[in-house]
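K.L.:
Give me a model of this one.
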Amino acid sequence: MRTYAFPPAGLPDQNTRPDGKAVFTNAYAFIPANTMRDIVTSNLPHWNKTRAWIIARPMSGFAETFAQYAVEVAAGGGSASPEPDPMGEAGILVCRGQMTLTVDGEVHTLNAGGYAFIPHTANWQVENSGTEVLQFHWIRKRYQPVNGIDAPALVLTSDDATDLNLMVNAEKWGTKRFVDPNDMRHDMHVNIVHFEPGGVIPFAETHVMEHGLYVLQGTAKYLLNQDWVDVGPGDFMWLRAFCPQACIATGDEPFRYLLYKDVNRHVRLGINE
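P.N.:
Residues are numbered from 1 along each chain as shown. Here you go, the predicted model:
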């Protein structure tokens with residue numbers, strides 16, 4: 001059974017002691033699920049009946065390309081003007097409830113596991129037209145245009161409709177890619193990475209892409225720089241470029257996480273470009 005973790009909200013009682021597992025370093029941040037409570041949510045302009053956990057934002061000297069939200073919308077809530085940045089593109093994965101997504105006048109319905117890539121050129125709105133709460137992950141990035149390459153188009157798909165691509169020499173590790181990695185129109189990828197129990201990343205990756213990793217399901221030991229961290233549903237890992245990472249899936253169910261990375265563009269040579 002596939003599940004899609006989301007912040008637990010609420011607030012622990014006064015008998016609970018802080019566990020101190022949240023970590024922010026110069027190479028990575030680890031934000032465990034139990035820190036994502038009511039008192040750390042944000043309200044958003046032009047959204048109604050909505051709150052958001054903002055778990056990543058561009059920061060000078062850290063990860064600079066994206067923001068990542070977990071958004072909760074009550075019945076009847078939503079936004080007719082969700083994105084304030086005219087170059088802002090979006091990757092959205094629905095975790096719970098029903099999203100009515102209107103893009104350039106066309107209405108679409110996304111349920112749990114539904115995914116949308118929304119280009120910066122789109123005029124879009126979101127509404128919770130159901131009776132239960134709507135919960136979704138929203139990754140925002142400013143699009144980097146390239147001369148001679150068209151802007152990407154709207155993508156609507158789902159976890160169920162996307163094939164699992166196994167890695168080379170790996171039977172227990174694969175990726176669900178919502179867009180073709182060879183499509184140079186796209187400068188961001190949002191994927192679901194999947195490990196069967198015992199699956200591993202068998203070397204310490206280090207690369208130019210920045211990462212946001214939100215654990216949707218299962219447990220693992222994850223290498224972040226020099227630290228092996230126990231991770232589980234609702235935990236978030238935020239990696240700057242070149243931070244070493246590796247994974248060993250544990251437990252008796254698949255380990256899955258939502259992955260952001262910036263791709264398909266030259267490195268900018270000016271510090272402030």
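K.L.:
When you work out contacts or count neighbours from here on, use the C-alpha atoms and nothing else.
P.N.:
Will do.
K.L.:
Please enumerate the helices of the stretch 101-250 of the chain.
P.N.:
For the stretch 101-250 of the chain, applying DSSP state H, counting those that start in this stretch gives no helices.
K.L.:
Any stretches of this structure with poor pLDDT?
P.N.:
For the chain, applying pLDDT under 70 flags the ranges 271-273.
K.L.:
Give the partner strands of the strand ranked longest in it in its sheet and their orientations.
P.N.:
Secondary structure of the chain per DSSP state E: the longest strand is strand 66-79. The strands that strand 66-79 pairs with in its sheet are strand 48-56 (antiparallel), strand 124-127 (antiparallel), strand 134-142 (antiparallel) (by DSSP bridges).
K.L.:
Quick check: what element follows it along the chain?
P.N.:
Next along the chain after strand 66-79, taking DSSP states H and E as the criterion, comes strand 88-96.
K.L.:
starting at the chain centroid, how far to that next one?
P.N.:
Distance, stretch centre to chain centre, for strand 88-96: 8 Å (C-alpha atoms, centre = their mean, to the nearest Å).
K.L.:
Kindly report the same for stretch 3-22.
P.N.:
Offset of stretch 3-22 from its chain centre (C-alpha atoms, centre = their mean): 20 Å.
K.L.:
residue contacts, the closest residue to Asp262 other than its chain neighbours?
P.N.:
Counting by C-alpha to C-alpha, 6 or more residues apart in numbering, Met188 is the residue found nearest to Asp262 once chain neighbours are left out, at 4.5 Å. Residues near Met188 by C-alpha atoms under 8 Å, 6 or more residues apart in numbering: 141, 260-264.
K.L.:
My guess is Pro58 contacts Glu64. True?
P.N.:
Yes - contact criterion C-alpha atoms under 8 Å: Pro58 and Glu64 qualify, at 4.1 Å.
K.L.:
wait, what's in contact with Lys141?
P.N.:
Neighbouring residues of Lys141 by C-alpha under 8 Å, 6+ apart: 65-67, 88-90, 188.
K.L.:
Compare the residues you listed and tell me which is most surrounded.
P.N.:
Met188 (28 neighbours; other C-alpha atoms under 10 Å).
K.L.:
What separation is there between it and Val71?
P.N.:
Separation of Met188 from Val71 (C-alpha to C-alpha, to the nearest Å) stands at 20 Å.
K.L.:
residue contacts, the residue lying closest to Val263 once chain neighbours are set aside?
P.N.:
In space, and not counting its chain neighbours, Val263 is closest to Asp187: 4.9 Å by C-alpha to C-alpha, 6+ apart. Going by C-alpha under 8 Å, 6+ apart, Asp187 touches 143-144, 262-265.
K.L.:
Mind checking which of these are in strands?
P.N.:
Under the assignment DSSP E, the contacts of Asp187 contribute Asp262 to strands.
K.L.:
Just among the contacts of Asp187, which is most surrounded?
P.N.:
Neighbour max across the contacts of Asp187 (other C-alpha under 10 Å) = Tyr143, 21 neighbours.
K.L.:
My guess is that one contacts Met87. True?
P.N.:
Yes - at 5.5 Å, Tyr143 counts as touching Met87 under the criterion of C-alpha under 8 Å.
K.L.:
Leaving aside the residues adjacent along the chain, what's closest to Thr35?
P.N.:
Nearest to Thr35 is Ala22, by C-alpha to C-alpha, 6+ apart, at 7.7 Å.
K.L.:
For that neighbour, list the residues it contacts.
P.N.:
29-32, 35.
K.L.:
could you give the angle of the longest strand of the chain to strand 88-96?
P.N.:
In terms of direction (axes from the mean of the first three to the mean of the last three C-alpha atoms, to 10 degrees), strand 66-79 departs from strand 88-96 by 70 degrees.
K.L.:
From the contacts of Asp187, pick the one nearest Leu11.
P.N.:
Nearest to Leu11 out of the contacts of Asp187 is Asp262 (C-alpha to C-alpha; 34.1 Å).
K.L.:
just checking, the closest one touches His189?
P.N.:
Yes - Asp262 lies in contact with His189 (C-alpha under 8 Å); the separation is 6.5 Å.
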